[in-house]
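In: Sequence first, then the predicted structure:
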Amino acid sequence: MTSTLERPTGGAAPQTRAREPRRVGFSTRRSTWDLKLSPYLYISPFFILFAITGLFPIAYTAVISFMDWDLVRNSGEFIGFDQYAWVLSQPKFWIALRNTFSIFLLSSVPQLIVAIFIAAMLDQNIRAKTFWRMSVLIPYVMAPVAVALIFSNMFGDQYGVVNTTLQNLGLPAVPWHSDAFASHIAIATMVNFRWTGYNTLILLAAMQAIPREYYEAATVDGAGKIRQFSSITLPSLKPTLIFVIITATIGGLQIFDEPRMYDQYGTGGADNQWLTVTLWLYNVGWGEWNFGRAAALAWILFLIILAIGAINMVVTRSLVRDDGSRDPRSRRERRAQARAAEERLRADAASVGIRGEETRR
């Protein structure tokens, strides 16, 4: 018994059974939700704590800065920008701002230079390098009050260690507390003692991330240590140096512990020789119990730091782009090119699908 198979006509296409739509179950949707929402859930504790301890105090301080605040009744009368006008009209504010920038420059510039030098020394193949790397961090873990008390006694006008040593060498004593510039040097020395080791470790980590093949190639070409440092190390440290400069700027403009503990009164000197903005803010808020003016002063300092941070950001972008680690295209150009690439991929996929159908036919 034989059977014959009918061949389909040449013009008719083979009929295929329609595929049933796939049902998406609850487990699949839950997996999709978990993939999309889990990253936000993991980082949410930080943003919740930051909103409670950071954003709310900032917003509350902004509200108080526009009021004549009564601490007893915990309420205030809205007076607009009068508190800001009062702060800007006070000679103490400009003296404090001058002192703050003077101490900041005297501390940040030498601190950065010394930190780069120490980091370069620790990056060499020396004995007990782990011990030396941990030793530079000891001043950072010391209490700021303890450091300020020790250095304030060292820079005493009459019986300080520094003046005693100078007099033994036949040099005149320095009025560390009565002279403004001398007091700025003393306070900047405290800041350098605490923060140099911290910046050294950051720069050391950046130096160790530089590929060693660069130094080997430079050695083969006959470049010495100084040429290697200036041509390889420093250009590679640009992003890290910018980060260190920005953090040093923010910390330097908020300096408080060192000038507060520099003498027994903590008011910035008899003639405001080392009065800083944060120290005057503390005296206005907790000394005069005027929280409206203190809040206005805090916001003025915040805006100054924000302006300097914006300038640093502009400098950062230009330096990093010149270094070649940043895409020179704008965000709009990158999005347009990404969309064009997606359209090309879809067109290629569609053309491949059409050719496959024709081949099967």
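Out: Cool, got the structure.

In: quick one: low-confidence parts of this protein?
Out: 1-30, 72-73, 316-331, 349-350, 352-361 (pLDDT under 70).

In: Give me the most central residue, it.
Out: In the chain, the residue lying closest to the centroid (CA atoms, centre = their mean) is Thr247, at 4.8 Å.

In: how close does that one sit to Ser108?
Out: Distance, Thr247 to Ser108, using CB to CB, to the nearest Å: 10 Å. Any C-beta I mention is one placed from the backbone N, CA and C, and that applies to glycine too.

In: just to revisit the earlier point, please tell me how far the helix or strand encompassing the residue nearest to the centre of the chain is from the chain's geometric centre.
Out: Thr247 is located in helix 238-253, with elements delineated by DSSP states H and E. Distance of helix 238-253 from its chain centroid, counting by CA atoms, centre = their mean, to the nearest Å, is 7 Å.

In: residues of that helix that come out buried?
Out: Buried residues in helix 238-253, counted by 16 or more other CB atoms under 10 Å: 238, 240-246, 248-249, 251-253.

In: So which elements touch that helix?
Out: Here helix 238-253 touches helix 91-122, helix 180-208, helix 291-323, going by 3 or more CB pairs under 8 Å, 6 or more residues apart in numbering; DSSP states H and E.

In: Name the residues that touch that helix?
Out: Contacts with helix 238-253, where a contact means CB atoms under 8 Å, 6 or more residues apart in numbering, come from 100-101, 103-104, 107-108, 111-112, 115, 191, 195, 199, 202-203, 205-206, 277, 301, 304-305, 308-309, 312, 315-316, 319-320, 323, 325.

In: just the buried members of those?
Out: 100-101, 103-104, 107-108, 111-112, 115, 191, 195, 199, 202-203, 206, 277, 301, 308, 312, 316, 319.

In: So Trp274 is in contact with Ile187, correct?
Out: Yes: under the criterion of CB atoms under 8 Å, Trp274 makes contact with Ile187 at 5.8 Å.

In: State the distance from the residue nearest to the centre of the chain to Leu253.
Out: 11 Å.

In: Over to Phe81?
Out: 22 Å.

In: same check, this time on Ala310
Out: Taking CB to CB as the measure, Ala310 falls 14 Å from Leu253.

In: Repeat that for Arg260.
Out: 15 Å.

In: Same question for Thr32.
Out: Counting by CB to CB, the separation of Thr32 from Leu253 is 47 Å.

In: do Trp274 as well
Out: Taking CB to CB, one finds Trp274 at 15 Å from Leu253.

In: quick one, strands of the stretch 1-150 of the chain?
Out: When assigned using DSSP state E, counting those that start in this stretch, the strands of the stretch 1-150 of the chain occupy the ranges 67-70, 75-78.

In: which of those strands is buried the deepest?
Out: A comparison of these by mean neighbour count, using mean count of other CB atoms under 10 Å, puts strand 67-70 on top with a mean of 18.

In: which residues touch that one?
Out: 75-79, 82-83, 290-292, 295.

In: and if we set it to 10 Å?
Out: 63, 75-80, 82-83, 289-296 (CB atoms under 10 Å, 6 or more residues apart in numbering).

In: Among these, name the buried ones.
Out: Among those, those classed as buried by 16+ other CB under 10 Å are 76, 83, 290-296.

In: Of those residues, which is the nearest to Phe50?
Out: Nearest to Phe50 out of the buried ones among the contacts of strand 67-70 is Ala295 (CB to CB; 20.0 Å).
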